[in-house]
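K.L.:
one predicted model, sequence on top.
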Amino acid sequence: MRDKKQWRGNDRRNQRKNDRPKDRRKKEEVEIVESEENNFVFGHHATVEALQASRGNKLFLQEDAHGDKIDQLKNLAKEQAVPVKWVPKQKLDTLSDGGVHQGIVLGITPYEYLTLDDLLTKTAEVEAPFLLILDSLEDPHNFGSILRTADASGVSGVIIPKHRSVGITPVVTKASTGAVEYVPIARVTNLAQSIKQLKEAGYWVFGTDMEGTDYRQWKVSGPIALIIGNEGKGMSAGLKKDVDEMLTVPMTGHVQSLNAGVAAGLLMYEVFRKRSEL
C-alpha cells in the first residue's frame, strides 16, 4: 500500500496535468479576443464602405438605434449575408475601445495589404501615377486623415513600412471615413529598397524637409513618389540620400513645422492643382 506522501505527489502531478489544458485554453481565448479587437471598424461611413467592399462578417448595432442610417446598414448587411446583432452601448464601447462608434461596430476580415510589385502593376496603366510614402508614421488619426485626402486628390497608392509604423487599425479606418477601402496600400519590409525599385520603374522620388525647393516650384509631371516623414523626427536620414529632390513649405510663423497630415494634404493638393491645369 502506498504511503500518504506518495499519494500527495500523484495528486500534485494529476492536478498539474488537469491545469495545463485550462491554461492553454485561457491563453487561446485571450489571443482570439485580441485578434478580434484588431478586426473591427466603427462609425457609419467606415462601416458602409467596409460592407460595400464585402469585408464585413458581423454587424453590431446599439439595441435602441433606429433611423435611415440604421436601415441602410441593415439592408447592406442583408445583401452581404452579414448577421446583425443588437447589443447594449457598453458592448460597443468595448468593441471600439472607447471610440466614437455612433451605435455601430462591424467585425471585418483582416485588411489585405499589397506588395510593392502588386501596387506597381495596379498603377501601370495610370498615365502619371502619384504614390505617397509614409516614413514611420505613428499617429492613426494622421494616417486616416492622409488616406482621406489621398482618395479626394487622386493619389494612386500609398506605401508604408511593415515595422515601427501604424497600420490599418479601426481608428485609421474611422478617421479615413472609409477611404481605406479605395486607396491601394502596399506594406514593405524596407523603404530604402522600395525607393530604389521605384526609381528603376521610372519614378522621381521627392522628400520633405525644412531645407529644400519651395513646393510651389515642384515639377509634378510623370510618375512621382512623395515621402512624408515621421510626426516628430521627420524623414529618416537614410532615406534623404536616396531622394531626387527635397521640398519645403515656406513658413513665417513662430512654429516652424506642420502636422504631418496637414503637410501631406497641402502637397497632395499641389499635385492635384498643377495636374488639373495641364
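P.N.:
Everything's here; your move. These figures come from a predicted structure and were not determined experimentally. Residues are numbered from 1 along each chain as shown.
K.L.:
after the lowest-mean-pLDDT helix or strand in the chain comes which helix or strand?
P.N.:
In the chain, the helix or strand scored least confidently by mean pLDDT, DSSP states H and E is helix 4-37, which has a mean of 41. Downstream of helix 4-37, the next assigned helix or strand under DSSP states H and E is strand 40-42.
K.L.:
adjacent strands (with direction) for that following strand?
P.N.:
Strand 40-42 sits in its sheet next to strand 104-108 (antiparallel), going by DSSP bridges.
K.L.:
for the stretch 151-278 of the chain, what are the low-confidence residue spans?
P.N.:
Residue ranges of the stretch 151-278 of the chain with pLDDT under 70: 253-257, 278.
K.L.:
try it again at 90.
P.N.:
Applying pLDDT under 90 to the stretch 151-278 of the chain flags residues 163-165, 169-171, 173-178, 181, 208-212, 229-238, 241-242, 249-263, 277-278.
K.L.:
tell me how many other residues surround the closest residue to I224 other than its chain neighbours.
P.N.:
Closest residue in space to I224, ignoring its immediate chain neighbours: W204 at 5.1 Å, by CB to CB, 6 or more residues apart in numbering. Where you see a C-beta, it was placed from the backbone N, CA and C, and this is true even at glycine. Counted with other CB atoms under 10 Å, the neighbours of W204 add up to 17.
K.L.:
measure W204 to K58 for me?
P.N.:
45 Å (CB to CB, to the nearest Å).
K.L.:
likewise for S145?
P.N.:
Between S145 and K58 the distance, using CB to CB, works out to 28 Å.
K.L.:
can you give me the helices in the stretch 51-200 of the chain?
P.N.:
Using DSSP state H, counting those that start in this stretch, the helices of the stretch 51-200 of the chain run over 68-79, 89-95, 116-122, 140-153, 170-175, 191-200.
K.L.:
deepest-packed of these, please.
P.N.:
The highest average neighbour count among the helices of the stretch 51-200 of the chain, using mean count of other CB atoms under 10 Å, belongs to helix 170-175 at a mean of 25.
K.L.:
how far is it from where the chain is centred?
P.N.:
7 Å (CA atoms, centre = their mean, to the nearest Å).
K.L.:
please apply the same query to stretch 93-108.
P.N.:
Using CA atoms, centre = their mean, the distance from the centre of stretch 93-108 to the centre of the chain it belongs to is 17 Å.
K.L.:
can you measure across it, start residue to end residue?
P.N.:
Using CA to CA, to the nearest Å, the end-to-end distance of stretch 93-108 comes to 17 Å.
K.L.:
name the nearest residue to the residue nearest the centre of the chain, ignoring sequence neighbours.
P.N.:
Central residue of the chain (CA atoms, centre = their mean): I168, 2.3 Å from the mean position. Ranked by CB to CB, 6+ apart and with sequence neighbours excluded, the top spatial neighbour of I168 is Y111, at 4.1 Å.
K.L.:
how far away is the one you found from K69?
P.N.:
With CB to CB as the criterion, Y111 and K69 are 24 Å apart.
K.L.:
kindly report the same for V82.
P.N.:
Using CB to CB, we find V82 at a distance of 16 Å from K69.
K.L.:
am I right that A225 is in contact with S194?
P.N.:
No - under the criterion of CB atoms under 8 Å, A225 makes no contact with S194, lying 9.1 Å away.
K.L.:
got any residues that touch both of these two?
P.N.:
133, 159 (CB atoms under 8 Å, 6 or more residues apart in numbering).
K.L.:
list of residues touching stretch 105-121?
P.N.:
Contacts of stretch 105-121 (CB under 8 Å, 6+ apart): 36, 38-42, 46-47, 50-51, 55-60, 82, 92, 95-96, 122, 131, 157, 159, 167-168, 180, 184-188, 194, 197-198, 201.
K.L.:
again, only this time at 6 Å
P.N.:
Outside stretch 105-121, the residues that touch it by CB atoms under 6 Å, 6 or more residues apart in numbering are 39-42, 47, 50, 55-60, 92, 95-96, 157, 168, 184-188, 194, 201.
K.L.:
just the ones of those residues in strands?
P.N.:
40-42, 56-60, 157, 185-188 (DSSP state E).
K.L.:
what's the local residue count around F272?
P.N.:
17.
K.L.:
what's the closest non-adjacent residue to it?
P.N.:
Nearest to F272 is S153, by CB to CB, 6+ apart, at 4.3 Å.
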